[in-house]
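Colleague: show me how the following folds:
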Amino acid sequence: MKITNETKVGALTALAITLLILGFNFLKGKSLFKTGSFIYTKVKQTKGLMISNPVLINGLQVGSVYELEEADKNLDNIIVSIKMSKEVNIPVNSIASIRENPLGTPSVDISLGDKRSYLKNHDTILSIDSLGLLGSVTAKLTPVVDQVKITAQTLDSLMKNLNSMFDPTAKNNIQGVLTNFNRISANLVVSSASLQALMNEQTGTLSKSMTNLNSFTKNLAANNDKITATMTNLETSTRNLSQADIDGTVNQLRATVERLNTTVAKIDSKEGSLGRLLNDNQLYDNLANTTRSLNILMDDIRVNPKRYVSISIFGGKAKKQYLTSPLPAPDSTVVTMK
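Modeller: Residues are numbered from 1 along each chain as shown. Below is the predicted model of the structure:
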């Protein structure tokens, strides 16, 4: 059966689309199958949390947001699925919260508890609604407002008792009321000073935070071209990586390693010439003896050349004895004859 070119092009197109989808999900941190270790938490407000946002413990990323889904149709609670990338022990009384980042992506922070029992796979961790920047400012202003309310209540009580101020029985209490009023006024002055220090245009904490935010935003705008170039390079690298034949390269490397292991196994065994040469001690001894005999023969030819090449008209002299061992080094004059 002959396969047409249209069928081949269609199959290659479907394969390329599948690989593109898998690669895109892989770069987003989401695999095709839901495998690995997961924990869950319920929140009332996601605060811009998205899939693949980091999950941090003490500033270290231990996982990422895998999925966001509603717990019911009223959206009273939203279930956040967290896929763990590290095996860490999380106590059961730990608390998760969503930390907002005005200049980046939100993240899930997990505050570890103190119990010795730990969460298991598919367990649910408790969550709280963390305060943002405005929430922190409100929390600092709340004690001041409470003190103002207390002062107003005290003043209201004072005004109610003003008509009885000239009562002889209340004269002894006037000094105490004035003392309390002075104390409350002093507390109000201290609270106002604290609020003024917070809101000061030049040295206030809120002013410094806004100055730092403006400076960071200005630097970000100044480096917009560099950031765009970096994102372009990252996109190009990602596209080249998705088009690379990584599986084929790995398979070829695996086949090469298997052939190399087979070759080394044959060399280590006594099969073949190289294996027998490396493992046969008798062959080594024979080569050593042959080398020694060859050395003796060369020394004997050098010392007694007439034994092997002799030209004599009147008869030759008696030949010397054969050598039975190699001659010593050139600086030695001892020669063994037999």
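Colleague: CA only for contacts and neighbour counts going forward, please
Modeller: Will do.
Colleague: so what touches the longest strand seen in the chain?
Modeller: With DSSP state E applied, the strand covering the greatest number of residues in the chain is identified as strand 60-70. The list of residues contacting strand 60-70 from outside it, by CA atoms under 8 Å, 6 or more residues apart in numbering, reads 29-30, 50-56, 77-86, 88.
Colleague: would you show me how to pick out the buried ones of those in ChimeraX?
Modeller: In ChimeraX, this line selects whichever of the contacts of strand 60-70 come out buried by 16 or more other CA atoms under 10 Å:
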select :29,30,50,51,52,53,54,55,56,77,78,79,80,81,82,83,84
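Colleague: okay, and which of the contacts of strand 60-70 map to strands?
Modeller: Using DSSP E, the subset of the contacts of strand 60-70 located in strands is 54-56, 78-84.
Colleague: can you give me the pLDDT of residue 42?
Modeller: Looking at residue 42, its pLDDT reads 91.
Colleague: now do the one 4 residues further on
Modeller: At residue 46, the predicted lDDT confidence score is 86.
Colleague: quick check: it is in a strand.
Modeller: No - counting by DSSP: H, G, I helix; E, B strand; the rest coil, residue 46 falls outside a strand, being coil.
Colleague: can you give me the helices for the protein?
Modeller: Remark: helices assigned in the chain by DSSP state H are 5-27, 133-160, 171-199, 205-222, 224-243, 246-268, 272-279, 281-303.
Colleague: on that earlier part again, mind listing the strands the longest strand of the chain pairs with, and their directions?
Modeller: Partner strands and pairing direction for strand 60-70 (DSSP bridges) are strand 54-57 (antiparallel), strand 78-84 (antiparallel).
Colleague: pLDDT averaged over the shortest one - what is it?
Modeller: Here the mean pLDDT over strand 54-57 is 92, rounded to a whole number.
Colleague: do the same with the last one
Modeller: Predicted confidence along strand 78-84 averages 90 (mean pLDDT).
Colleague: can you pull out the low-pLDDT segments for the stretch 101-250 of the chain?
Modeller: When the per-residue scores of the stretch 101-250 of the chain are filtered using pLDDT under 70, the ranges that remain are 130-141, 162-172, 174, 198-205, 244.
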